[in-house]
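Colleague: task: produce atomic coordinates for the following.
(one chain, ligands or ions: 1)
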Amino acid sequence: MSHIKGKNAIVTGAAVGLGNSYAKALAMAGANVAVCDVREEIETLPAELEALGVRSVGWRADVSNAEDVRRVVDGTLEAFGSIDMLVNNAGVWGASVADDDLDKTLEDYERIIGTNLKGEFLFGRAVIPVLLEQGKGGEIVNIATDHMVTCGAPNVICPNLPTCPWNNRDTPSFAFEGPPRPTGGGDIMDLYDASKWALNGFTFGWAKALRPHNIRVNAFCMGATDSYMLRSFNNFDPSPEEEASWMSAEDNAQALIDLLEEGPKGRTGENLNFCVGRPVKLEPPLAPIYIVQEDIDVVA
Ligand SMILES: NC(=O)c1ccc[n+]([C@@H]2O[C@H](COP(=O)([O-])OP(=O)(O)OC[C@H]3O[C@@H](n4cnc5c(N)ncnc54)[C@H](O)[C@@H]3O)[C@@H](O)[C@H]2O)c1
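Modeller: Next comes the predicted model:
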C-alpha cells in the first residue's frame, strides 16, 4: 500500500529547482500537491501537476512572511480538506563573509535567515498543529545542505558506506582520505551555513516531540545538485566537468518518495546525506544520532 497516493502535500519553493522536482515526483506518486513560491512560474505549476492526475493549488507567497504562510496553509486545507506532508524546501543562497559591513549584513541576514530558517519555522508552526489536530500522523522533510555535516554522521558512528567517496582512498578526485571531511561553504557563506545548521534544531526537536503522534520529521542535506540555484552560483556557465559531477534533482526527488514510502514506522530524526560521487538513493536508516531509540520505537 502506498503511503503517498491520495495524501495531501505542501512543497515550498516549487517554481524551479529541487522543489519543482519534489512537487512533480509527489504528484506522479499520486499525492495532491499545494505549492508556493515567490517566482511567477509558480502560477502555471498547478495545471502541470493536475495533468498528472492529481489535484493541485498554488500561490505566489513568501515563506518568510507569516501572513503568506497562513494563506498557503489555510488555502491548502480549503482545497484538500487536510494536510499530510510538508516539504520545507524554499531556500536562497548568498555570499556573506565574516568581515562584511554591518549594513550589508543586516540585509543578507533578513533574506537568508528569513527564507532558509524563519520560513521553515513558520511553515512548521502553521502545519504541525493541523497534523496534531487531524490525529493521523504526517511527514515533514526539511531541506538543508551538506555544508553542515561531515558525511551526515559524527565520525564515531560513520556508517563507512563502501560507496562513499570520502572513504575511498583510491578516488584521486577526492582529496580527503577518510571522515570527517571538512564542511563546505565556510568562509564565503557563513549566513547560509548558519541558517542550515540551525535547521537541525527543528528537525531533531520536532522529530522527538512528534514521534508519539506518528509524525516523522527528517531532513535532506545534499551536496551539489543541478538546479537554478547551483547554476546561478556558477554564473550559469559551469565547466563540463563541474556539471558532470552534479547530482540530479530527479534522483533526489526519488529519494524523497522512497523516504515517504517508508510510512509511519520508518526512520525519524535523520538528516539524510546525499553526497556528490555517491549514488543518489535512500540508504538504510542510520543509528539514531540526536534522538534516543526509545523515542523512535514509540510507533508500535
Ligand atoms: N542545489 C543544490 O546543490 C543544493 C544543495 C544543498 C541544499 N540545497 C537546498 O535545496 C533547496 C532548494 O534549492 P535549489 O537548489 O532547488 O534552489 P533554486 O533557487 O533552484 O530553487 C529554490 C526555490 O525557492 C524559491 N524561494 C526562494 N526564496 C523564497 C521565499 N522567500 N518564499 C518562497 N519561495 C522562495 C525560489 O524562488 C526557487 O523557486 C534550498 O533550501 C537549498 O538551500 C540545494
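
Colleague: show me where the stretch 51-200 of the chain dips below the pLDDT cut-off.
Modeller: 148-186 (pLDDT under 70).

Colleague: would you mind listing what in it touches the ligand?
Modeller: Counting by CB under 6 Å from any ligand atom, the residues of the stretch 51-200 of the chain lying close to the ligand are D62, V63, S64, N89, A90, G91, V92, T115, G119, I143, T145. (Glycine included, C-beta is placed from N, CA and C.)

Colleague: which of these lies closest to the ligand?
Modeller: G91 (2.2 Å; CB to the nearest ligand atom).

Colleague: pretty sure the closest one is touching V16, no?
Modeller: No. Using CB atoms under 8 Å, G91 is not in contact with V16, being 11.8 Å away.

Colleague: more neighbours: the two, which one.
Modeller: Comparing G91 with V16 by other CB atoms under 10 Å, the one with more neighbours is G91, at 26 against 18.

Colleague: helix/strand/coil for the more buried one?
Modeller: Of the three states, G91 takes coil according to DSSP: H, G, I helix; E, B strand; the rest coil.

Colleague: where exactly do the helices run in the stretch 151-300 of the chain?
Modeller: Counting by DSSP state H, counting those that start in this stretch, the segments of the stretch 151-300 of the chain that form helices are 190-210, 228-233, 240-245, 249-260, 293-296.

Colleague: check which helices and strands the first one sits against.
Modeller: Contact analysis of helix 190-210 by 3 or more CB pairs under 8 Å, 6 or more residues apart in numbering; DSSP states H and E lists helix 102-113, helix 119-134, strand 138-143, strand 215-222 as its packing neighbours.

Colleague: give me that answer again for 6 Å
Modeller: Here helix 190-210 is seen to pack against helix 102-113, strand 215-222 when contacts are counted using 3 or more CB pairs under 6 Å, 6 or more residues apart in numbering; DSSP states H and E.

Colleague: do the fourth one as well
Modeller: Helices and strands touching helix 249-260, as assessed by 3+ CB pairs under 6 Å, 6+ apart, comprise helix 17-28.

Colleague: T76 - nearest residue in space that isn't next to it in sequence?
Modeller: A34 (4.0 Å; CB to CB, 6 or more residues apart in numbering).

Colleague: is any part of the host helix or strand of the one you found close to the ligand?
Modeller: Element membership of A34, judged by DSSP states H and E, is strand 32-37. Yes. Against the ligand, strand 32-37 shows contacts by CB under 6 Å from any ligand atom at C36, D37.

Colleague: what about the helix or strand just after that strand, distance to the chain center?
Modeller: Helices and strands here follow DSSP H and E; after strand 32-37, the next one along the chain is helix 45-50. Averaging C-alpha positions (CA atoms, centre = their mean, to the nearest Å) puts helix 45-50 21 Å from its chain's average.

Colleague: follow-up on the earlier one: tell me the two of the residues of the stretch 51-200 of the chain next to the ligand that are most distant?
Modeller: Taking CB to CB, the two most distant members of these are D62 and T145; they sit 20.7 Å apart.
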